[in-house]
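J.: My questions are about this predicted structure, shown below with the sequence.
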Amino acid sequence: MNLEQIGNYARGPVAVGLMAIALISAVIVVGGTRFSREDYLEVTRNQQARELDFLGQAIHYGLLRDGTSGDLRDEIGPLAGTPEFDEFMRRSLFGMDVAKLEMFGLDGSILYTTDPGSTLSLQPSHPLVQEARRGIPASALADNVAISDLTGKLDDLQVMQTFGLMLDRAPDSGNAGRPMAILAVHRDVGSRLASVNRTVWSVAGVFLGGLSAVLLIVNHISDRSRQRLEAANVELRYREAAVRESRERMVRADEAAKRAIAGDLHGTVQTKLYAVWMKLGMVSDKVADEAVRGEIEGLAEDVDRIREEDIRQLSHRLHPSIVRVGAAAGLRSLRDFYESLLPVELEVGDAAARLEEGGVSVIPEEPRLGVYRITELALTNVARHARATVCAVGWNYEEKSRELVLTIVDDGVGFQSSAEGDSGSLGLVTMSDYADALGGTFEINSTPGEGTRVEVRIPFDADEFSTTTETGSRAATSDTPVAMVDFVPEAGN
């Protein structure tokens, strides 16, 4: 896999989705561990403060309740060293989440600990030691140094220690007692925070893995659906191509048949009619009766007129050799032919005219012939059914969209274009077949009483055809001067 493929994959929806999920998971881990740590430590501080208050009350009401204030301060040290005090403290600590309990004298020395191996002592500079030795009433200490952290910082790997004063009056008595000792509650928060962090990581992992799996499954399903859709589109394009090829074959076969019939009319039929005309002339010369001779000569003239006019015109319509000159020339011939049936206005755009300057057309013959046939069918429909007063034919080339555009608009009676009988008429179907065979589009819009508009668009790159056909087109037209062309095809054309 090269760098370009890696880049394309990285910009793909799956990669972007996975990166977004990973980013959200990272935010969950960072934010979760940070906020859960702070929240847990704050809860721990508050719980230890309550535990200190409870222990102070338990010592007062359990062991020191009968003594005087002075005696209590003097006896707290010896009392804390007795087995009875140790048993009492163990019972008092039952149910508390306490890792270790220590009691310090007012000089910072340790008086009692649940850890016999502890050598911890408070420095005389510690705020609690200094305030306790000053003998400040408990009511003045409650809001300042009742709870304090030993080191001033918290670390997941260190033991959290919270300190408070034990007074010569119970903390809830309401009296302003004085300090007797300093209590320290220790709790190991490292393992608890590690458990919280593992929970956060587990949540993030489940989020990352679960959403990634869902994303990959959805992508797999959508990829399979996309593949099936692409296969269906390929099949549809194949069928459309097959239909278009079939239409092209039918159009070509129709044109070939018309060409063959035109050739027979122009060659065989005209030749035979010419022979009949000659024989009628010879018979006329041998007839003495003037009346009979006149009849024969009249028949000869009719035969000659049929041969020169009707057969020639029919042959021309079956295979219009005028389109060899250009599409615009073919449209002009149709305008002239239909002028006797209805007024036809032809407008050739400048862009289309430039494609056929000097009698040389860069437009291939098939589009020229197709445009001729579509216009012929449309004008025939207008003349037969529309009862129109005028029909406008437009022919142009749109350089921006690279399309040849043919429009036929009449002001006739119109019809309901959505009706099956109208949209399925033979003339409209044939026009659509011609447009489709040329790779173009055929659109018809009609409203009863408002006339009909037909628009045909044929893809055509004028630059491409002008560069590839200029030499060949000029060479082909140089052998047969346009002004001398007989627009009736020769036999066999």
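T.: Structure received. Numbers count the residues shown, from 1 in each chain.

J.: Show me where the stretch 251-400 of the chain dips below the pLDDT cut-off.
T.: 251-253, 255-260, 262-268, 270-271, 274, 309, 311-319 (pLDDT under 70).

J.: in it, which spans are helices?
T.: Under the criterion DSSP state H, counting those that start in this stretch, helices of the stretch 251-400 of the chain are mapped to 270-286, 290-305, 311-318, 327-338, 350-354, 365-381.

J.: Adding mean neighbour count, write those out as CSV.
T.: Any C-beta I mention is one placed from the backbone N, CA and C, and that applies to glycine too. Formatted as CSV, the helices of the stretch 251-400 of the chain follow (neighbours: other C-beta atoms under 10 Å):
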stretch, mean neighbour count
helix 270-286, 14
helix 290-305, 14
helix 311-318, 18
helix 327-338, 20
helix 350-354, 15
helix 365-381, 21
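
J.: Output the ones you listed in JSON lines; the columns should cover distance to residue 110.
T.: JSON lines is the format used below for the helices of the stretch 251-400 of the chain (distance: least, C-beta to C-beta, whole Å):
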{"stretch": "helix 270-286", "distance to residue 110": "137"}
{"stretch": "helix 290-305", "distance to residue 110": "142"}
{"stretch": "helix 311-318", "distance to residue 110": "124"}
{"stretch": "helix 327-338", "distance to residue 110": "113"}
{"stretch": "helix 350-354", "distance to residue 110": "105"}
{"stretch": "helix 365-381", "distance to residue 110": "108"}
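
J.: among the ones you listed, which is nearest residue 222?
T.: helix 365-381 (42.0 Å; C-beta to C-beta).

J.: so where does residue 103 fall, helix or strand?
T.: Assessed by DSSP states H and E, residue 103 sits inside strand 100-104.

J.: circling back to that earlier point, to residue 209, which of the helices of the stretch 251-400 of the chain lies closest?
T.: helix 365-381 (60.9 Å).

J.: got the angle for the closest one vs helix 327-338?
T.: Angle of helix 365-381 versus helix 327-338, following axes from the mean of the first three to the mean of the last three C-alpha atoms, to 10 degrees, is 20 degrees.

J.: Which neighbouring elements make contact with helix 365-381?
T.: Here helix 365-381 touches helix 327-338, strand 391-398, strand 403-410, helix 426-437, strand 451-459, going by 3 or more C-beta pairs under 8 Å, 6 or more residues apart in numbering; DSSP states H and E.

J.: Please compute how far the strand holding residue 103 lies from its chain's middle.
T.: On the basis of C-alpha atoms, centre = their mean, to the nearest Å, strand 100-104 sits 68 Å off its chain's mean C-alpha point.

J.: and the next element down the chain from it?
T.: Downstream of strand 100-104 (by DSSP H and E), the next one is strand 110-113.

J.: Name the surrounding residues that touch that following strand.
T.: If you take C-beta atoms under 8 Å, 6 or more residues apart in numbering as the criterion, strand 110-113 is touched by 76-77, 80-81, 85-86, 89, 100-105, 118-121, 181.

J.: what do you get for stretch 233-248?
T.: 433, 436-437, 439.

J.: of those residues, closest to residue 352?
T.: For the contacts of stretch 233-248, the nearest to residue 352 is residue 439 (18.2 Å; C-beta to C-beta).

J.: how many neighbours does the closest one have?
T.: The local packing of residue 439 (other C-beta atoms under 10 Å) involves 13 other residues.

J.: And the residue of the chain positioned farthest from its centre, how far from residue 296?
T.: Ranked by distance from the centre of the chain (C-alpha atoms, centre = their mean), the top residue is residue 288, with 92.8 Å. In this view, residue 288 and residue 296 are 12 Å apart by C-beta to C-beta, to the nearest Å.

J.: Just the buried residues of stretch 73-92, please?
T.: Buried residues in stretch 73-92, defined by neighbour count with 16 or more other C-beta atoms under 10 Å: 73, 76-77, 79-80, 85, 88-89, 92.

J.: Run through who's touching that stretch.
T.: Applying C-beta under 8 Å, 6+ apart, the contact partners of stretch 73-92 are 54-55, 58-59, 62-64, 67, 101, 103, 105, 111-112, 114, 166, 168, 178, 180-181.

J.: out of those, which are buried?
T.: 55, 58-59, 63-64, 67, 101, 103, 105, 111-112, 114, 166, 168, 178, 180-181.

J.: so what's the backbone phi/psi at residue 108?
T.: Torsion angles at residue 108 (phi, psi; degrees, to the nearest 10) stand at phi 100, psi -10.

J.: Spatially nearest residue to it (excluding sequence neighbours)?
T.: For residue 108, ignoring the flanking residues on the chain, the nearest one in space by C-beta to C-beta, 6 or more residues apart in numbering is residue 122 at 3.8 Å.

J.: Could I get the contacting residues of that neighbour?
T.: Neighbour list for residue 122: 104, 108, 128-129, 182 [criterion: C-beta under 8 Å, 6+ apart].

J.: 7 Å instead, please
T.: Residue 122 sits next to 104, 108, 129, 182 when contact means C-beta atoms under 7 Å, 6 or more residues apart in numbering.

J.: wait, doesn't the second one sit right on residue 121?
T.: The one in question is residue 108. Yes - taking C-beta atoms under 7 Å as the definition, residue 108 is a contact partner of residue 121 at 5.5 Å.

J.: Between those two, which has more neighbouring residues?
T.: Neighbours per residue, other C-beta under 10 Å: of residue 108 and residue 121, the larger number sits with residue 108, 18 against 15.

J.: For the more buried one, give me the pLDDT.
T.: Residue 108 carries a pLDDT score of 82 in this model.

J.: follow-up on the earlier one: partner strands of the strand holding residue 103 and their direction?
T.: Strand 100-104 has the following strand partners under DSSP bridges: strand 110-113 (antiparallel), strand 179-188 (antiparallel).

J.: Distance to residue 303 for these - can I get that in CSV?
T.: Output for the strands paired with strand 100-104, formatted as CSV (distance: least, C-beta to C-beta, whole Å):
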stretch, distance to residue 303
strand 110-113, 142
strand 179-188, 127
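
J.: Where among these is average confidence lowest?
T.: Comparing mean pLDDT across the strands paired with strand 100-104, the lowest value falls on strand 179-188: a mean of 81.

J.: List every C-alpha atom in that one, with coordinates, as PDB.
T.: C-alpha atoms of strand 179-188 as PDB (Å, rounded to 0.1, in the frame of the first residue of the first chain):
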ATOM      1  CA  PRO A 179      -6.800  20.900  73.000                       C
ATOM      2  CA  MET A 180      -5.600  17.700  74.800                       C
ATOM      3  CA  ALA A 181      -4.100  15.800  71.900                       C
ATOM      4  CA  ILE A 182      -3.900  15.700  68.100                       C
ATOM      5  CA  LEU A 183      -5.700  12.800  66.200                       C
ATOM      6  CA  ALA A 184      -4.400  11.600  62.800                       C
ATOM      7  CA  VAL A 185      -6.600   9.400  60.500                       C
ATOM      8  CA  HIS A 186      -4.600   7.700  57.700                       C
ATOM      9  CA  ARG A 187      -6.200   6.200  54.600                       C
ATOM     10  CA  ASP A 188      -4.500   4.600  51.600                       C
END
